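Output the structure for:
(2 chains)
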Amino acid sequence: AQSVTQLGSHVSVSEGALVLLRCNYSSSVPPYLFWYVQYPNQGLQLLLKYTSAATLVKGINGFEAEFKKSETSFHLTKPSAHMSDAAEYFCAVSPRGGTGFQKLVFGTGTRLLVSP
Amino acid sequence: DTEVTQTPKHLVMGMTNKKSLKCEQHMGHRAMYWYKQKAKKPPELMFVYSYEKLSINESVPSRFSPECPNSSLLNLHLHALQPEDSALYLCASSRGAGAGEREQYFGPGTRLTVT
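Below you'll find the predicted structure:
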């Protein structure tokens, strides 16, 4: 079964510093990969997705993620953190191919804290 | 337009009440989902509708009853809930359930409190 691991339940950065949130998946066939952001008391917003067209994926709000098959990783980065980036971030995977419905499997989430 | 709307935003109900949560999307998506999210946890899938038919029920208690009146609307009927059912209920939709169609768009959620 597909699974996804997010290392670090909390990540703290200073405003202007690099943001790096880690995500590793477990499957022999690279799945579809997604990053979602959730602000307090709101729903999830899709930041970016990997579908195989390009290994470096650019998303909204200046975020990007790089798919590395050899490392089974899809880490999320942003060059310069802003206070408004403070939120919960979820990595999610969906199997590629297969018949019938395939669930979106979420990681446990990483809370990003940004200090002035 | 990638908007999924949910009403109400907040709901407080007693254990003997009957209430409904509503979800609407106008993106032409044919798959719609209900999730339950407890604090500091990822969303947990409850139900999936694909082409207005219930495709997945993740062993959800019968006090939760989903309904899909048409391709744009999804309801979740609530009856005799327990305090542990208090959570954020999220609705989502995707173009379909097949490969390449599974990108899900989420609504803002309904914060449910059961007293």
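
Can you tell me which residues in chain A are near chain B?
Applying Cβ under 8 Å from any Cβ of the partner chain, one finds that chain A approaches chain B through A:32, A:34, A:36, A:41-46, A:49, A:51, A:90, A:94, A:96-98, A:100-104, A:106-109. (Glycine included, C-beta is placed from N, CA and C.)

Next, the contact list for B:F106, please.
A:Y36, A:G43, A:L44, A:Q45, A:L46, B:V4, B:Y35, B:L90, B:C91, B:A92 (Cβ atoms under 8 Å, 6 or more residues apart in numbering or on different chains).

cutoff 6 Å now
Going by Cβ atoms under 6 Å, 6 or more residues apart in numbering or on different chains, B:F106 touches A:G43, A:L44, B:L90, B:A92.

Which strands border the helix or strand of chain B with the lowest mean pLDDT, and is each parallel or antiparallel?
Ranked by mean pLDDT, DSSP states H and E, the helix or strand of chain B with the weakest confidence is strand B:53-57, at a mean of 89. Strand pairing for strand B:53-57, determined by DSSP bridges: strand B:44-50 (antiparallel).

still on that earlier bit, now, the residues of chain A next to chain B that are in strands?
Under the assignment DSSP state E, the residues of chain A next to chain B contribute A:Y32, A:F34, A:Y36, A:L44, A:Q45, A:L46, A:K49, A:F90, A:S94, A:F106 to strands.

where's the nearest residue to A:Y50 once chain neighbours are set aside relative to B:L81, distance?
Spatially, and ignoring its direct neighbours in sequence, A:Y50 is nearest to A:L33 (4.2 Å; Cβ to Cβ, 6 or more residues apart in numbering or on different chains). For A:L33, the distance to B:L81 (Cβ to Cβ, to the nearest Å) stands at 35 Å.

Please apply the same query to B:Y51.
Noted for B:Y51: a distance of 29 Å to B:L81, by Cβ to Cβ.

ok, which stretches of chain B are strands?
Using DSSP E, strands in chain B cover B:4-7, B:10-13, B:18-25, B:31-37, B:44-50, B:53-57, B:64-70, B:73-79, B:87-94, B:105-106, B:110-114.

Is it possible to get TSV of those strands that adds distance to A:F63?
Listed next are the strands of chain B as TSV, based on distance: least, Cβ to Cβ, whole Å:
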stretch	distance to A:F63
strand B:4-7	21
strand B:10-13	30
strand B:18-25	24
strand B:31-37	22
strand B:44-50	25
strand B:53-57	30
strand B:64-70	33
strand B:73-79	29
strand B:87-94	20
strand B:105-106	17
strand B:110-114	27
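
between the ones you listed, which gets the lowest average pLDDT?
Sorting the strands of chain B by mean pLDDT places strand B:53-57 lowest, at a mean of 89.

List the buried residues for it?
Using 16 or more other Cβ atoms under 10 Å in any protein chain shown as the test for burial, strand B:53-57 gives B:I56.

Kindly supply the ChimeraX command isolating those of the residues of chain A next to chain B that are buried.
Remark: buried members of these, expressed as a ChimeraX selection using 16+ other Cβ under 10 Å:
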select /A:32,34,36,42,43,44,45,46,49,51,90,94,96,102,103,104,106,107,109
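
Can you tell me which residues in chain B are near chain A?
Residues of chain B lying close to chain A by Cβ under 6 Å from any Cβ of the partner chain are B:42, B:45, B:48, B:55-56, B:90, B:97, B:99, B:102-104, B:106-109.

what's the closest of the residues you listed to A:F67?
Closest to A:F67 out of the residues of chain B next to chain A is B:E103 (15.7 Å), distances taken as Cβ to Cβ.

Next, name the residue at the spatial heart of chain B.
Residue closest to the average C-alpha location in chain B (Cα atoms, centre = their mean): B:W34, at 2.7 Å.
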